[in-house]
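> coords please:
(chains A, B and C)
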Amino acid sequence: MKVKKTIKLFIGGKFPRSESGRVAPQYFAASKTKVSAHYCQASRKDFRASIEANKKAEGPWAARSAYNRGQILYRIAENLEMRRGEFEEIFISILGYSKSKANKTLEQAIAAFVYYAGFADKYSQVLASLNPVQGSQHNFTFPEAIGSGVLAEGSSTKFVELCNELAALLATGNVVTVLQSPTCALLLSPFAEVLATSDVPAGVVNLLSASNDELMPVAASHMDVLYITLLEDKDLALVKGEAIHNLKRVFRAPANGRSIESIAQAVEYKTTWHPTGF
Amino acid sequence: MSLIRLKSNGAKNLFIERIPVDAVGVEERTQYFCKRSIKKESKMRALIQIIKMIDLTTLEGADTSGKVEQLCARALSPVDGELKNVFLNHFNTYDYFPQVAAVCVYPSFVKEAAARLKGSGVQVASVATAFPAGQLPLKLKKADVEFAIKSGADEIDMVIDRDAFLSGDYQKVFDEIVCIKEICGQVHLKVILETGELKTYDKIRLASHLAMEAGADFIKTSTGKVSPGATLGSTLVMLQAIQDYYDQTGQIVGMKPAGGIRTAKQAIQYLVMLNETLGKAWMTPELFRFGASTLLNDVLRQIFKQLTGRYYYHEAFSID
Amino acid sequence: MKTQKIKKKSKVKKKTTNKNHAGATLAKEEDFNFAYSKAPQASSVVKVKEAYQLYINGKFCDASQKKTFNSINPATGKKLCKIALASKKDVDKAVASAKNAYNKTWSKISARERSYYLFRIARLIQEKSRELAVLETMDGGKPIKESRDVDLPLVAAHFFYHAGWADKLQYAFPGQKASPIGVVGQVIPWNFPLLMAAWKIAPALATGNTVVIKPAETTSASIMHLAEIFQEAELPDGVVNIVTGAGEVGAALVNHKDVNKVAFTGSNEVGKLIAKSVASSNKRVTLELGGKSANIVFEDAAIDQAVEGVINGIYFNQGHVCCAGSRLLIEENIKDIFLKKLKRRMQQLRVGDPLDKNTDVGAINSKEQLDKINQIVDAGKKEGLDFYQSKTCSLPSQGYFYKPSFFNGVSSASVVARSEIFGPVLSIQSFRNPEEAIAKANNSPYGLAAGVWSEKGSKILQVAKALKAGVIWSNTYNKFDPTSPFGGYKESGQGREGGRQGLSAYVELQS
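Numbering: from 1, shown residues only, chains lettered A, B, ... in the order given. Model (predicted):
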């Protein structure tokens, strides 16, 4: 007899249930009525708690060295690799992927974390500049993290794109609340566990299983959320409309996977002047 | 570097230099001390010396006569029974188990502590000047000190006026210390800078010089009521200030890190730092103290681990 | 701007009779002596082989004539192990293997796969750090504290950093296409054996080249353990090849017709010979040579931290550092107080067994190097210069050791201001204003590094702008990072290693 598990949320390094107590069934792809497991549905209050956990983690995460962030991202890749069987099993049983598709999906997901692990200590060498201003001034521009934000998967599971954007956000020192699509809510469990065991500090990444319809308006209007990254066009107009209130940065994940684009959009530029002279 | 001009009885104009301190450099140097590997004989000698440098402290609202009585008993004899014999059998240069340097209590307990420790060599230190916040007029702070001395205190641990210091009224900070030292006379005066509230090494360095010029016998990091308490970095900066002051004037000032030193390992790091800065000349309880309460038990544990090969359980040592 | 105290200082300090206000006096000699007991790192953590072979085409093999030579542990003067002595035939074999690997494997696999190999290697280095550090100390003489806490972490970091560039070269050279050069021949020195190997191998591999590398003859053991890591990481055969031996082997390597690029770190004499011998070829060359770097301390420096920086600048790694701050340029008005603090700080330096965790200054790498140091120091003494050595320091009775020392009152023309000593000997000069400091610092054929100590930001930036040195450390010294390009101006070499700029030496660029 198998011991079944309820999929909880992942906030602040812990695994709480939704404060709303709501739970929904995740069906097997093959049957559409047979339940694989139940998952907690995140509520508005869970979302707010998640943002609060993000905010606490903001400063310490951005203060880590780029090398350290890269090491953590590589650790995530290592752990994903070790547990890829679990993930593949979920893709096959819940989304009906073929073995080969599931295999390729994991390969690309792992590659995403390795790629951005290797970008963490380089992007500022590519994006920063020493500006040759007039006068006896030393002037330099460099990229900094934006802060707390939201990564919304949308109406369907897009695991590889999700990993790409998440890895880029972590590489640049941002913290994030991920709204995971309920079409494959079961992924949250092993994914959260991978993050929890990869030295990612508590609160840097929070995972909520949520339907966009419910939480997107909340995310878009929350003033502590400084950026939102969307993986599909569906809610783009709504989010952009709400975002004006605190000038949230709204990003649409680029189509071409692993590149500098996801990094370049996730940073703020700071320019500093200093006189040069005895 | 910029100078602060003060009026002082001794000299018409007294200048104190603001010495800049590079924080990254300080932190790197302290890491260096942490890497020293102190083992075997050198560790044992360090541990015993640490005991002799401890100011066993209780400064709680809930302190009672009973608590202080037991603390004093502990100060006189940190261990007893089987463990004491193990120690004495091993070290034939000792007739009794080493005592701590002092006990540190609130003024209302000084009389009792003095009575209990009379003739033992263990000093009675009293906090004073509206410890820990120091937010009272000078008149009342003076009365605080006078009371403690009258009750029999051998040492006074005062706090600087952080209000005056942080708002730039250095003359006030200076005058207050001079005044308290006058009341103390031969009673040894420690001046607590409360480094956790000063925040930067530059300020800690300046406060150190201010206190020494004003007559401090010891400069001390913290009250233990504010976090962070003592850190290796703030201690290093203060030790460097003491060194400079000694080089310039020949005046000897002692140092006391207090608050947050809980383990023997940490205490040894401080001792290593002292050894490699002010050096042997300062390695005496007359010039260096640890303000601690839980430290003693960890030091004892390490001593007996080394003597017997076993980590003793918590119950082997007094909780007083 | 320091004000003299109004009170007169008494010349004679009677330390034991000074009391403080409450009557406390300084401790007497016999009161408490905190002498540190020995704290040796166990050498059993690493298995040192009796004899090391060459590493060619993914396998270990004897030299073609089975010749070997001994590697000495400089802390004891005794033999540590035997090293294979490569012949010209072995060099040919190694280059052929690298060329073959380049054509058949390394240039064919995807950039992503290259990065994966490098990440694996980086991880394995992290895991074996302790044993590698101990071996590095036993073979080269540097303190275990340094090899464990500085060298090895940097070695791993270099592989991690460059692993990430492999599939991102389009960003390193925007608007240009970067392709590998082919086979690179590399010769490295004995002062940071593994770290220099990492500085050379990691960028070469990341950019798609294959390697033949020759370590220094006095420190060939640790790179052979690195070769074992390459095997464990399943690095394709021939991508890295190691030939061991002395000058002849190096010459054969750099002159080989199938080596497309040469990278050398070492002395100026050998560097110039190499440059000369490849001048008529179209081989690309980068050189990282010596230095006589100035550590400039201004009156407005944070003095106690500056003392630390000067000490670190010259005595770290026994002064066996190309970018060592071997000249102190001190602003004259703080010279006396600075020297007093410097001397006092020097007394705390512990010279001794490199495997002792409390040792600060380890063994001089070889008898030859010790002789060189003594030679230049004697020349300096003959000039009549003031020479000071740490008083409390005692040297072990065996092995090659030298006490931290300095020459005072050195003029720019002095042999100890011009020649690289490559030992724990500092030369002290003074200056009166920033322009003079800059002129003196630049007054050298070398231009590798410089230190600038001041609490005034604008002065630091202005001085940094005017100094002819490839690396400028402000309010710090001897800081290295794989992301930070390193290399010299003038005769200290050409080309940079590390960082984005360091990659260009290993690629062909097309607009």
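> for the closest residue to C:Phe34 other than its chain neighbours, the count of nearby residues, please.
Excluding the flanking residues, the one nearest C:Phe34 by Cβ to Cβ, 6 or more residues apart in numbering or on different chains is B:Asn275, at 4.6 Å. (C-beta placed from N, C-alpha, C; glycine too.) B:Asn275: 22 surrounding residues under other Cβ atoms under 10 Å in any protein chain shown.
> is it true that B:Asn275 lies in a helix?
Yes - assessed by DSSP: H, G, I helix; E, B strand; the rest coil, B:Asn275 belongs to a helix.
> from what I can see it touches C:Asn33, true?
No - taking contacts as Cβ atoms under 8 Å, B:Asn275 lies outside contact range of C:Asn33: 9.6 Å.
> of all residues in the stretch 51-200 of chain B, which one is closest to chain A?
Per Cβ to the nearest Cβ, B:Lys199 is where the stretch 51-200 of chain B lies closest to chain A, at 16.7 Å.
> cool, and the stretch 101-250 of chain C?
For the stretch 101-250 of chain C, Cβ to the nearest Cβ, closest residue to chain A: C:Gly164, 2.2 Å.
> and chain A, which of its residues are near chain C?
Contacts of chain A with chain C, taken as Cβ under 8 Å from any Cβ of the partner chain, map to A:66-67, A:70-71, A:74, A:111, A:114-115, A:117-122, A:125-126, A:136, A:138, A:260, A:274-278.
> mind redoing it with 6 Å?
Proximity of chain A to chain C (Cβ under 6 Å from any Cβ of the partner chain) is limited to residues A:Gly118, A:Asp121, A:Gln125, A:Val126, A:His138, A:Ile260, A:His274, A:Pro275, A:Thr276, A:Gly277, A:Phe278.
> restricted to helices, list those residues.
A:Gln125, A:Val126 (DSSP state H).
> contacts for the helix or strand of chain B with the lowest mean pLDDT?
The weakest-scoring helix or strand in chain B, judged by mean pLDDT, DSSP states H and E, is helix B:82-90 (a mean of 90). Under the criterion Cβ atoms under 6 Å, 6 or more residues apart in numbering or on different chains, residues B:Phe97, B:Phe304, B:Leu307 lie in contact with helix B:82-90.
> from chain C, how far off is the second one?
Per Cβ to the nearest Cβ, to the nearest Å, B:Phe304 is found 19 Å from chain C.
> how about whichever strand or helix holds that residue: buried residues?
Using DSSP states H and E, B:Phe304 falls within helix B:295-308. For helix B:295-308, the neighbour count (16 or more other Cβ atoms under 10 Å in any protein chain shown) marks B:Leu295, B:Leu296, B:Asn297, B:Asp298, B:Val299, B:Leu300, B:Arg301, B:Gln302, B:Ile303, B:Phe304 as buried.
> Serialize the residues you listed to CSV and add fields for pLDDT and distance to C:Ala450.
CSV is the format used below for the buried residues of helix B:295-308 (pLDDT from 0 to 100; distance: Cβ to Cβ, whole Å):
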residue, pLDDT, distance to C:Ala450
B:Leu295, 95, 45
B:Leu296, 95, 50
B:Asn297, 93, 51
B:Asp298, 94, 46
B:Val299, 95, 46
B:Leu300, 94, 51
B:Arg301, 93, 50
B:Gln302, 94, 46
B:Ile303, 94, 49
B:Phe304, 92, 53
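> for the residues you listed, which two are the farthest from each other?
B:Leu295 and B:Phe304 (15.2 Å; Cβ to Cβ).
> got phi/psi on the most centrally placed residue in chain B?
Closest to where the C-alpha atoms of chain B average out (Cα atoms, centre = their mean) is B:Lys256, at 2.7 Å. The phi/psi pair for B:Lys256 (degrees, to the nearest 10) reads phi -140, psi 110.
> picking up where we left off before, nearest to C:Ala301 among the buried residues of helix B:295-308?
Nearest to C:Ala301 among the buried residues of helix B:295-308, with distances taken as Cβ to Cβ, is B:Leu295, at 36.2 Å.
> quick one, what contacts the closest one?
B:Ile261, B:Arg262, B:Ala267.
> point out the residues in the stretch 151-300 of chain B that sit beside chain C.
Residues of the stretch 151-300 of chain B lying near chain C (Cβ under 6 Å from any Cβ): B:186, B:188, B:215, B:217, B:240, B:248, B:250, B:252, B:275-276, B:281, B:283-284, B:286-287.
> if you set the cut-off to 7 Å instead, what comes out?
B:181, B:186-189, B:215, B:217, B:240, B:248-254, B:271, B:275-276, B:280-284, B:286-287 (Cβ under 7 Å from any Cβ of the partner chain).
> ok so, going back, the residue nearest to the centre of chain B pairs with what?
B:Lys256 has these beta-bridge partners by DSSP bridges: B:Lys220.
> A helix includes C:Leu426, no?
No - assessed with three-state DSSP, C:Leu426 is strand; it does not lie in a helix.
> neighbours around it, how many?
Neighbour count for C:Leu426, taken as other Cβ under 10 Å: 27.
> still on that earlier bit, now, which of the contacts of helix B:82-90 sits nearest C:Ala24?
B:Phe97 (24.5 Å).
> test my guess that that closest one contacts B:Leu76.
No - if you go by Cβ atoms under 7 Å, B:Phe97 and B:Leu76 don't touch, sitting 9.4 Å apart.
> settle it for me: which of those two has more neighbours?
The neighbour comparison of B:Phe97 against B:Leu76 (other Cβ under 10 Å) goes to B:Phe97, with 20 against 17.
> quick one, what contacts that one?
B:Phe97 sits next to B:Ser77, B:Pro78, B:Val79, B:Lys84, B:Phe87 when contact means Cβ atoms under 7 Å, 6 or more residues apart in numbering or on different chains.
> in contact with the second one, which residues?
Applying Cβ under 7 Å, 6+ apart to B:Pro78 gives the contacts B:Ile51, B:Phe97, B:Val100, B:Leu296, B:Leu300.
> same question, C:Ser444
With Cβ under 7 Å, 6+ apart, C:Ser444 has these contacts: C:Lys292, C:Arg418.
> can you tell me the residue of the stretch 51-200 of chain B closest to chain C?
B:His188 (3.7 Å).
> next up, the contacts around that residue.
B:Asp154, B:Glu155, B:Asp217, B:Phe218, C:Ala22.
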